[in-house]
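Trainee: missing the sequence, but the structure's below:
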Ligand code: CS2
């Protein structure tokens, strides 16, 4: 069996769609964080764009530390298979095995992956290169080095502190961006756009703020140049891209007869809304389904609170109750009703959004969450909860308390995250809490597991997660303590049932 590469493309099965364009044309994009989401989302848009005749938007990818992606993709000349997977079981009788619709395509837009820790200068040069018009980022919520509450660059973070001291050999995303911009400034490389594609509110402003704070340690001239020459549009990205498991690669071998270590599988749905603020050349992404809008904030908020908020609820409640996949959690007793009620609470915090139809959006989300072919693991979504909770569940809750509205479903979802920190599910099975704050959270669990009230008080006093408005709100403390008690003593399914009563 052959591994995917340029040399074997003539033998690719005919059911794999391949777009034709010049891969040796300009590399217009540098992308930081070449994980599955980037390959399932942005890389597919640029593949479509170049297929439409807009040459020169090839991507140089980069991983900050790990060489895994480079080892997977570079021997394949950056090529990988992209599968969209949709279960098509509707109307089928119970005894008919589920049918899945799969569409295969080859993505050719990725040129290579640089490992920044091994070759920092190579990445800095790519960022500064005149050809680079757009720098895109998927570095996860924790990748911005900013304290979510104060908005300040986390100088107590060892890596950020290192980058301030060692600006020419940085370690962090923000350190590399600033080093790249400094080299661009020095070499007269011209304006550039830095486009965050992470699930954070105001992701463009956040990136700009982090970059300017870091640049201030270089020079005032650099800060002034960035203000003049670099655009930081916000964007809302949406596509469910579950992590690939070994069995998916095995299925690919059986289906197509090839080995692909860069395989990505995703759903048919995809959305990208970008604030129309560019420096340098703007790719004509509107021709391949991207929406350019004057202000993306309302879209980001709707997606974070509806899709991602429900995802986190499904992850904690569902996985605690023992469900491995999202579509299974959706079928748990009471879950679909719970999610609908959670949306009733969150949707009321959104206001009018032009072009956004909440009932249709919610109906689509239900279908997307029920897509059994995706095999999206609840555990994957549960990761990094401390970074996700504020924008997904805590912000709408805080706004609702301010209006004196009760929100039992948001509260129950938050309570299940508090129970998650005990690292044991309702069947008594232990798991690992993966979170940048795991150590601190686990210490609180160790010290206070016998005293529920103390436990809750200490958790809500974590300033990086909970605002003062919530931690000092006695109604919130009372509500969340009651929900947490049910979840701890009787499990997630009981909490769902009680909240629905
Ligand atoms: C998920 C997101 O893992 C998670 O936290 O909620 O990755 C989600 O699948 C995407 O935002 C969908 O666009």
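Mentor: Looks like it came in fine. Only a predicted model underlies this, so the values are computations on that prediction, with no experimental measurement involved.
Trainee: Near the ligand, which residues of this structure? Just list them.
Mentor: Taking Cβ under 6 Å from any ligand atom, the part of the chain that reaches the ligand is made up of 199, 238, 239, 240, 307, 308, 311, 380, 381, 388. Quick note: C-beta positions are derived from backbone N, CA and C, even for glycine.
Trainee: Just the pLDDT for the first one.
Mentor: Think residue 199. Residue 199 carries a pLDDT score of 97 in this model.
Trainee: Is it in contact with residue 311, as I believe?
Mentor: No: look at residue 199 against residue 311 with Cβ atoms under 8 Å: they stay out of range, at 9.7 Å.
Trainee: Can you pick out the residue with more neighbours from these two?
Mentor: Per other Cβ atoms under 10 Å, whichever of residue 199 and residue 311 has more neighbours is residue 311, with 26 against 23.
Trainee: Could you verify that the more buried one is part of a strand?
Mentor: No: counting by DSSP: H, G, I helix; E, B strand; the rest coil, residue 311 falls outside a strand, being helix.
Trainee: Report the contact partners of it.
Mentor: Taking Cβ atoms under 8 Å, 6 or more residues apart in numbering, we find residue 311 in contact with 326, 369, 381, 392.
Trainee: rerun that using 6 Å as the cut-off
Mentor: By Cβ atoms under 6 Å, 6 or more residues apart in numbering, the contact list for residue 311 reads residue 381.
Trainee: now swap in residue 433 and tell me
Mentor: Counting by Cβ under 6 Å, 6+ apart, residue 433 has contacts residue 423.
Trainee: State the distance from it to the ligand.
Mentor: According to Cβ to the nearest ligand atom, to the nearest Å, residue 433 stands 15 Å off from the ligand.
Trainee: what's the answer for residue 477, then?
Mentor: Using Cβ to the nearest ligand atom, we find residue 477 at a distance of 26 Å from the ligand.
Trainee: Past the strand or helix carrying that residue, which element shows up next along the chain?
Mentor: Residue 477 belongs to helix 474-490 when assigned by DSSP states H and E. Proceeding N to C from helix 474-490, the next assigned helix or strand is helix 492-500, under DSSP H and E.
Trainee: contacts for that following helix?
Mentor: With Cβ under 6 Å, 6+ apart as the test, helix 492-500 has contacts from 317, 320, 321, 334, 337, 338, 408, 412, 416, 426, 486, 487.
Trainee: Centre of the chain to that helix, how far?
Mentor: Distance, stretch centre to chain centre, for helix 492-500: 28 Å (Cα atoms, centre = their mean, to the nearest Å).
Trainee: Report the buried residues of it.
Mentor: 492, 493, 495, 496, 497, 498, 499 (16 or more other Cβ atoms under 10 Å).
Trainee: same check, this time on stretch 320-337
Mentor: Applying 16+ other Cβ under 10 Å to stretch 320-337 flags 320-323, 325-330, 332, 334-335 as buried.
Trainee: wait, what's in contact with the closest residue to residue 229 other than its chain neighbours?
Mentor: Using Cβ to Cβ, 6 or more residues apart in numbering and skipping the chain neighbours, the partner closest in space to residue 229 is residue 191 (4.1 Å). Going by Cβ under 6 Å, 6+ apart, residue 191 touches 229, 279, 280.
Trainee: Distance to residue 244 added to those residues, as a markdown table?
Mentor: Shown next, in a markdown table, are those (distance: Cβ to Cβ, whole Å):
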| residue | distance to residue 244 |
| --- | --- |
| 229 | 38 |
| 279 | 35 |
| 280 | 34 |
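Trainee: Mind checking which of those are in helices?
Mentor: Judged by DSSP state H, the subset of the contacts of residue 191 located in helices is residue 229.
Trainee: And the closest residue to the ligand within the stretch 301-450 of the chain, how close does it get to residue 324?
Mentor: Nearest to the ligand, among the residues of the stretch 301-450 of the chain, is residue 311, at 3.6 Å (Cβ to the nearest ligand atom). Residue 311 is 15 Å from residue 324, where distance means Cβ to Cβ, to the nearest Å.
Trainee: what does residue 425 give?
Mentor: Separation of residue 425 from residue 324 (Cβ to Cβ) stands at 11 Å.
Trainee: burial count for residue 282?
Mentor: Residue neighbour count, defined by other Cβ under 10 Å, stands at 17 for residue 282.
Trainee: what's the closest non-adjacent residue to it?
Mentor: That would be residue 193: by Cβ to Cβ, 6+ apart, it lies 7.5 Å from residue 282.
Trainee: Then residue 308?
Mentor: Excluding the flanking residues, the one nearest residue 308 by Cβ to Cβ, 6+ apart is residue 392, at 4.7 Å.
Trainee: Touching, that neighbour and residue 310? I think so.
Mentor: No: taking contacts as Cβ atoms under 6 Å, residue 392 lies outside contact range of residue 310: 8.7 Å.
Trainee: mind listing the helices for the stretch 201-350 of the chain?
Mentor: Assigned by DSSP state H, counting those that start in this stretch, the helices in the stretch 201-350 of the chain fall at 203-215, 220-229, 246-256, 297-302, 309-320, 326-330, 335-347.
Trainee: Among those helices, which comes closest to residue 106?
Mentor: Closest of these to residue 106 is helix 246-256, at 10.4 Å (criterion: Cβ to Cβ).
Trainee: Show me which positions of the closest one end up buried.
Mentor: 248, 252, 256.
Trainee: Please apply the same query to stretch 34-52.
Mentor: Those would be 34-51, for stretch 34-52 by 16+ other Cβ under 10 Å.
Trainee: In the chain, where is pLDDT below threshold?
Mentor: 89-99 (pLDDT under 70).
Trainee: 50 instead?
Mentor: The chain contains residues with pLDDT under 50 at 91-92.
Trainee: Domain map for it?
Mentor: 2-155+189-208+230-293, 297-500 (automatic domain parsing).
Trainee: Reformat the ones you listed into CSV and put distance to residue 221 next to each item.
Mentor: Below are the domains of the chain laid out as CSV (distance: least, Cβ to Cβ, whole Å):
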stretch, distance to residue 221
domain 2-155+189-208+230-293, 14
domain 297-500, 31
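Trainee: Show me what residue 292 bridges to in the sheet.
Mentor: Residues in a beta bridge with residue 292, per DSSP bridges, are residue 274.
Trainee: Can you name the residues that contact it?
Mentor: With Cβ under 6 Å, 6+ apart, residue 292 has these contacts: 274, 276, 286.
Trainee: most neighbours, which of those?
Mentor: Ranked by neighbour count (other Cβ under 10 Å), those have residue 274 at the top, with 25 neighbours.
Trainee: ok, that residue - contacts?
Mentor: Contacts of residue 274 (Cβ under 6 Å, 6+ apart): 233, 235, 292.
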